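J.: Quick one, what's the 3D model for this:
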Amino acid sequence: MSPGFGLVVRFTLRAADAAEAFDALVSRTLEGIRQHEKGTVIYVNHRVPGEPLVRLFYELYEDRAAFDAHERQPHTRHFLEAREQFVAKTEVTFLERLDGMPSV
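T.: Numbering: from 1, shown residues only. Below is the predicted model of the structure:
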């Protein structure tokens with residue numbers, strides 16, 4: 001079983017009108033991930049109930065090399081640059097797998 005490589009990213013958006021544009025940017029980025037990133041296992045944008053300016057990403061990659069490849073993709077580079085107009089704060093937590101299901 002591969003240990004995988006995961007992270008959680010909490011974005012606090014600048015304003016309520018930024019949420020729709022940010023979510024659209026994420027959806028366009030996901031198109032590139034689906035087409036070009038076989039090593040990306042899970043990449044999900046979550047809304048947090050009761051916190052309309054927060055988005056929470058859960059990302060899981062086959063391994064660190066798959067994450068590094070993700071970071072170099074043109075669609076990811078575009079997202080990282082474009083998100084700044086919508087995001088007031090970014091918090092990243094890297095994860096180490098202990099146990100779980102399904103195996104990656």
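J.: mind listing the strands for the protein?
T.: With DSSP state E as the criterion, the chain has strands at 5-13, 40-48, 51-61, 87-95.
J.: Tell me which of these lies nearest to residue 34.
T.: Relative to residue 34, the nearest member of the strands of the chain by C-beta to C-beta is strand 40-48, separated by 8.4 Å. In short, each C-beta sits where N, CA and C put it, glycine included.
J.: Could you list the low-confidence segments of the chain?
T.: Screening the chain residue by residue with the criterion pLDDT under 70, one finds the ranges 1-3, 102-104.
J.: residue contacts, the residue nearest to the spatial centre of the chain?
T.: Nearest residue to the geometric centre of the chain (C-alpha atoms, centre = their mean): residue 57, 4.5 Å. Residue 57 is in contact with 7, 8, 9, 10, 11, 43, 44, 45, 46, counting by C-beta atoms under 8 Å, 6 or more residues apart in numbering.
J.: Any of the residues you listed buried? List them.
T.: Buried residues within the contacts of residue 57, defined by neighbour count using 16 or more other C-beta atoms under 10 Å: 10, 11, 43, 45.
J.: Between those residues, which sits nearest residue 53?
T.: The shortest separation between residue 53 and any of the buried ones among the contacts of residue 57 is 8.8 Å, and it belongs to residue 11 (by C-beta to C-beta).
J.: how many neighbours does the residue lying closest to the closest one once chain neighbours are set aside have?
T.: Excluding the flanking residues, the one nearest residue 11 by C-beta to C-beta, 6 or more residues apart in numbering is residue 55, at 4.5 Å. Residue neighbour count, defined by other C-beta atoms under 10 Å, stands at 23 for residue 55.
J.: before we move on, what about residue 37?
T.: Taking other C-beta under 10 Å as the definition, residue 37 ends up with a neighbour count of 20.
J.: Phi, psi for it please.
T.: Its backbone dihedrals place residue 37 at phi -120, psi 90, with angles given as degrees, to the nearest 10.
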